[in-house]
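*Asks:* Got a sequence here, can you model it:
(2 chains)
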2 protein chains.
Amino acid sequence: MKMTISKKGLYEGLETAAKAISPNSPVPALSGIKIEAEENSLILTGSDADVSIRYVLTNEENEDLKLNVIETGAVVVDYRYLLEIVRKIESEEIQIEILDGTLTRFSGGSAEFKINGFRAESYPEIDFSKPGNTFTIGSGVLSEIIEETAFAANSKDTRLVLTGVNFNSDGTKIICTATDSYRLARKIVPVESEPFKITVLAKSLNMARSIFGSKEADVEISLNDKKILFSSSGIIMQTRLLEGTFPETDRLIPAEFSRELVVNRRMLISAIDRTSFIKTDNMFIIRMQISGNEILLTTKSQEIGESHEDLIAESYTGDPIDISFTGNYVSDAAKALNTDNIRIRFTGDMKPFILVNDGNDDSVLQLVLPVRTYN
Amino acid sequence: MKMTISKKGLYEGLETAAKAISPNSPVPALSGIKIEAEENSLILTGSDADVSIRYVLTNEENEDLKLNVIETGAVVVDYRYLLEIVRKIESEEIQIEILDGTLTRFSGGSAEFKINGFRAESYPEIDFSKPGNTFTIGSGVLSEIIEETAFAANSKDTRLVLTGVNFNSDGTKIICTATDSYRLARKIVPVESEPFKITVLAKSLNMARSIFGSKEADVEISLNDKKILFSSSGIIMQTRLLEGTFPETDRLIPAEFSRELVVNRRMLISAIDRTSFIKTDNMFIIRMQISGNEILLTTKSQEIGESHEDLIAESYTGDPIDISFTGNYVSDAAKALNTDNIRIRFTGDMKPFILVNDGNDDSVLQLVLPVRTYN
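*Replies:* Numbering: from 1, shown residues only, chains lettered A, B, ... in the order given. Coordinates of the predicted model:
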């Protein structure tokens, strides 16, 4: 292998491929990025066995890449050294050459690095073939789905299927749902495909968002009952699906409500943020009392003290309410909405309540369970 | 106690006083900031028993303070809650009032916080009286002294006196020395005072720099054989001295040298930075070979690989040299100098070498011990 390539293009490719790598992989070669130089392309692969990323760099896709392969070949190099070296080289172009077996030279400017790599053959075979069920969505929509649901997934490993976002398609729309059993986030997007029902680890989805979210291109999604594969702009990212049955959540969502609050979203978020100084295990319980247009938020701790926040509602209909909830949950939910005002719909002080965007957009729904307090 | 004060002025004062507090103090009251409202001033005190800070806020010192004391009084409040609350209150002025014993109300904008504090009497008595030996230096000079020496102090607790910077005054100048026994930094500043010889914890000096370095005012320094007290702009910071005899370091510094390298400081620092990817325990050994004007820097590891850097010297006099050293130490030393080019003076490949500013400024001297390598 012998080639020259722009530092910037190479670094961006390595950073993307490295996202899939977990630093303490039991398979030594998986701590590396596989670098394959072909006639007209450089293929970078990173994987932790569950999630895999393959990035095909070409001069066609990126006109500043200046890839010039003088001799094809392949090697695997530890991703930490690779990223550090390429970042530190102070020149626009980098020369890469396998000197002897797996000893690989990277040079540019006044610097030269020789790194012991792994043989390309020691890298596990990864099947990047596309499953049959394929559809396309915009990268912006993909980002939205993930931003508005993934945060509500369970962050603990106690019930594995709840660490993912469930995608349930009837062929015309996908219902995306995440819940940690104390709150729930749901988004519905119209997409034509064969029907499917899968659950994908929230962490992998956040990785997909960080890779594809900034590209202004459509993302092709293919899936079967084993994996989901995202593909766009020369980059493939695939991840294994979560096993287990995702709970039926429809019956949790109240169909009717007796009270509705309309409140400025940013004002609510910052009022919750201010009261958040009283915490237990990084969680804090807020009591919300609404009467007329007056909202009073309080937090209290025998030990520390208490806080009060006065807010004025845009409008409130229904009887007064006195309800307590985990502040983080309502704040996360409000952040996942996007209109200036939001609507919070209650059915009772111990019943789940939902937060939705103001106006006619009912594609996103956030649900939070209240908590019992003993004031 | 009842008063109003500008949020900005109060927050700056609390931040400064909090620097002395260590989060897990065995004395509960020392996790708090003592707030004393007097007729025309607000006094904030923070301490960890070794280091203590006292900040007297007045409308004379800070015309934007808008301090209005309606009722004098004192209370101690946990610094974490205090900083968080004051930061979060969204209004220019804050009202503070003791409601009941130690329950203190902070309010502003739509927010109101009631915090359980400690009684002012439970806070330890701290003697902020100024020792007799007093002199004054500019805050810029104080910062320089600390920046150019404190990094070389021992960061481990193995030999306590080496965790400090030694100040040795003959009445006309102060010799400031720090060493971890592998390297040494020395700065000489002309200052008239009674002679003294003291050692101050490097960490406390860095704290003094962060407090006084940004003020454009003289700093008054007072000391005896127990403590050193810095004072400027209404702020007093004092710290206990380190006990133990600081080693005689003069004999370590070579008076003559056989070879001198003049090299661009920034180029040397970035070449060392690039080669730093081969690390053991966050340290890296660099081999430097100089012949004529050519400098070759190499690092090597059987396991990882190697790196080469070519540098051109501004000038080199003497026989070629082949010397190895801890890269961090030379890089730290070069960063503590400030001329475009620096001079490195060698006496032999296993003898300490020194780094000094180019030109006539010999007030700063950095010394590094080479390491033996087995290449």
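*Asks:* these two touch, right, residue A:238 and residue A:130?
*Replies:* No - using C-beta atoms under 8 Å, residue A:238 makes no contact with residue A:130, being 9.0 Å away. From N, CA and C alone the C-beta is placed, and that goes for glycine too.
*Asks:* For the closest residue in space to residue A:1 that isn't next to it in sequence, give its distance to chain B.
*Replies:* Once flanking residues are discounted, residue A:1 sits nearest to residue A:73: 2.9 Å by C-beta to C-beta, 6 or more residues apart in numbering or on different chains. Taking C-beta to the nearest C-beta, to the nearest Å as the measure, residue A:73 falls 18 Å from chain B.
*Asks:* Ok, residue A:312 next?
*Replies:* Taking C-beta to the nearest C-beta, one finds residue A:312 at 9 Å from chain B.
*Asks:* Residue A:371 too?
*Replies:* Applying C-beta to the nearest C-beta to residue A:371 and chain B gives a distance of 22 Å.
*Asks:* Quick check: residue A:222 is in a strand.
*Replies:* Yes - assigned with DSSP: H, G, I helix; E, B strand; the rest coil, residue A:222 falls within a strand.
*Asks:* neighbours around it, how many?
*Replies:* For residue A:222, the neighbour count with other C-beta atoms under 10 Å in any protein chain shown is 20.
*Asks:* That one contacts residue A:131, doesn't it?
*Replies:* Yes - Residue A:222 is in contact with residue A:131 according to C-beta under 8 Å; the separation is 4.7 Å.
*Asks:* thinking again about what came up before, higher neighbour count, residue A:238 and residue A:130?
*Replies:* When residue A:238 and residue A:130 are compared for neighbours, residue A:238 comes out ahead with 27 against 16, by other C-beta under 10 Å.
*Asks:* just to revisit the earlier point, and for the residue nearest to residue A:1, the neighbour number?
*Replies:* Neighbours of residue A:73 (other C-beta under 10 Å): 17.
*Asks:* coming back round to it: shared neighbours of residue A:238 and residue A:130, anything?
*Replies:* Residues touching both residue A:238 and residue A:130 by C-beta atoms under 8 Å, 6 or more residues apart in numbering or on different chains: residue A:229.
*Asks:* What strand or helix carries residue A:333?
*Replies:* helix A:327-335 (DSSP states H and E).
*Asks:* Can you give the contact residues for the next helix or strand after that helix?
*Replies:* Next in sequence after helix A:327-335, counting helices and strands by DSSP H and E, comes strand A:341-346. For strand A:341-346, the external contacting residues (C-beta under 8 Å, 6+ apart) are A:254, A:257-265, A:268, A:314, A:318, A:321, A:323, A:334, A:353-358.
*Asks:* From those, which land in helices?
*Replies:* Cross-referencing the contacts of strand A:341-346 against helices under DSSP state H gives A:265, A:268, A:334.
*Asks:* Residue B:87 versus the first one, what's the distance?
*Replies:* Counting by C-beta to C-beta, to the nearest Å, the gap between residue A:265 and residue B:87 amounts to 22 Å.
*Asks:* Who has more neighbours out of the two?
*Replies:* Ranked by neighbour count (other C-beta under 10 Å), residue A:265 and residue B:87 place residue A:265 first, with 18 against 14.
*Asks:* ok, now which ones touch the more buried one?
*Replies:* A:334, A:337, A:339-342.
*Asks:* same deal with residue A:162?
*Replies:* Listed by C-beta under 8 Å, 6+ apart, the contact partners of residue A:162 are A:153-154, A:178-181, A:246-247.
*Asks:* Now with 6 Å, please.
*Replies:* Residue A:162 sits next to A:154, A:180 when contact means C-beta atoms under 6 Å, 6 or more residues apart in numbering or on different chains.
*Asks:* One more: residue A:288?
*Replies:* Residue A:288 neighbours (C-beta under 6 Å, 6+ apart): A:297, A:323.
*Asks:* For the host helix or strand of it, which strands pair with it and how are they oriented?
*Replies:* Taking DSSP H and E as the criterion, residue A:288 maps to strand A:285-291. Take DSSP bridges as the rule and strand A:285-291 pairs in its sheet with strand A:294-301 (antiparallel), strand A:321-326 (antiparallel).
*Asks:* Mean confidence (pLDDT) on that strand, please.
*Replies:* Computed over strand A:285-291, the mean pLDDT rounds to 95.
*Asks:* Please state the offset of it from the chain centre?
*Replies:* Distance of strand A:285-291 from its chain centroid, counting by C-alpha atoms, centre = their mean, to the nearest Å, is 31 Å.
*Asks:* Just want the angle from that strand to strand A:341-346.
*Replies:* Relative orientation of strand A:285-291 versus strand A:341-346 (axes from the mean of the first three to the mean of the last three C-alpha atoms, to 10 degrees): 90 degrees.
*Asks:* Buried residues in strand A:285-291, which are they?
*Replies:* A:285-288, A:290 (16 or more other C-beta atoms under 10 Å in any protein chain shown).
*Asks:* Stretch A:118-135 now?
*Replies:* A:118, A:120, A:123, A:130, A:133, A:135.
*Asks:* wait, is the fourth one part of a strand?
*Replies:* So the one you mean is residue A:130. No - read with three-state DSSP, residue A:130 is coil and lies in no strand.
*Asks:* who touches the closest residue to it other than its chain neighbours in this structure?
*Replies:* Spatial nearest neighbour of residue A:130, chain neighbours left out: residue A:222 (4.2 Å); criterion: C-beta to C-beta, 6+ apart. Taking C-beta under 6 Å, 6+ apart, we find residue A:222 in contact with A:130-131, A:134, A:229.
*Asks:* Of those, which is the nearest to chain B?
*Replies:* The nearest member of the contacts of residue A:222 to chain B, counting by C-beta to the nearest C-beta, is residue A:229 at 33.7 Å.
*Asks:* List the beta-bridge partners for the closest one.
*Replies:* residue A:222, residue A:238.
*Asks:* quick one: contacts for it?
*Replies:* A:130, A:222, A:238.
*Asks:* Return the backbone torsion pair for residue A:216.
*Replies:* Residue A:216 adopts backbone torsions of phi -100, psi 70, taken as degrees, to the nearest 10.
*Asks:* And the pLDDT at it?
*Replies:* On pLDDT, residue A:216 comes in at 82.
*Asks:* residues contacting the closest residue to residue A:18 other than its chain neighbours?
*Replies:* Leaving aside its chain neighbours, residue A:18 sits nearest to residue A:79 (4.6 Å; criterion: C-beta to C-beta, 6+ apart). The contact partners of residue A:79, by C-beta under 6 Å, 6+ apart, come to A:18, A:21, A:33.
*Asks:* that older thread, TSV for the strands paired with strand A:285-291, including distance to residue B:208?
*Replies:* Output for those, formatted as TSV (distance: least, C-beta to C-beta, whole Å):
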stretch	distance to residue B:208
strand A:294-301	36
strand A:321-326	43
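*Asks:* Compare those strands and give me the one nearest residue A:106.
*Replies:* Nearest to residue A:106, of all those, is strand A:321-326, at 49.6 Å by C-beta to C-beta.
*Asks:* Let me know the angle separating that closest one from helix A:327-335.
*Replies:* In terms of direction (the same axes, to 10 degrees), strand A:321-326 departs from helix A:327-335 by 100 degrees.
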